[in-house]
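[1] okay, structure incoming, though there's no sequence with it:
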């Protein structure tokens, strides 16, 4: 659930979207963005489109992390990682992807 009039961030970098996706926006009291229901939570098509693009990018990074064994031993879910562990996975994945894209 998001506040009335909520707009999906349009001009932030991938790391910010990553953090919002897994940890939400505490200041605005918004749950992790991965729980947002675009058809219900967004009034504007541009927000639904930005959400869809963000979801694709996050999924791409997560797949890369899993395929390259970047998750800590015993961890099989990105959503269960601490903020510090999540930051490490993001950094390692982003650096790796820069060389393969």
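    Alright, I've got the coordinates. What you are looking at is a predicted structure, and each value in this text was computed from that prediction instead of being measured.

[2] okay, buried residues for the helix or strand hosting residue 17 please.
    Element membership for residue 17 (DSSP states H and E) is helix 14-23. Buried residues in helix 14-23, defined by neighbour count with 16 or more other C-beta atoms under 10 Å: 17-23. For glycine as for every other residue, the C-beta is placed from the backbone atoms N, C-alpha and C.

[3] so for that helix, mean pLDDT?
    For helix 14-23, mean pLDDT is 96.

[4] next SSE after that helix?
    Using DSSP H and E, the helix or strand that follows helix 14-23 towards the C-terminus is helix 38-41.

[5] coming back round to it: quick one: contacts of the helix holding residue 17?
    9, 12, 30, 32-34, 54, 57-58, 61, 78-79, 81, 83, 86, 90, 94 (C-beta atoms under 8 Å, 6 or more residues apart in numbering).

[6] for the buried residues of helix 14-23, give me TSV that also has distance to residue 67.
    Output for those, formatted as TSV (distance: C-beta to C-beta, whole Å):
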residue	distance to residue 67
17	21
18	17
19	22
20	24
21	19
22	19
23	23
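
[7] looking at those residues, which two lie furthest apart in space?
    Farthest-apart pair in the buried residues of helix 14-23 is 17 and 23; separation 11.2 Å (C-beta to C-beta).

[8] number of nearby residues for residue 66?
    15 (other C-beta atoms under 10 Å).

[9] returning to that earlier point: narrow the contacts of helix 14-23 to those that are buried.
    Neighbour-count burial (16+ other C-beta under 10 Å) applied to the contacts of helix 14-23 gives 30, 33, 54, 58, 61, 78, 81, 86, 90.
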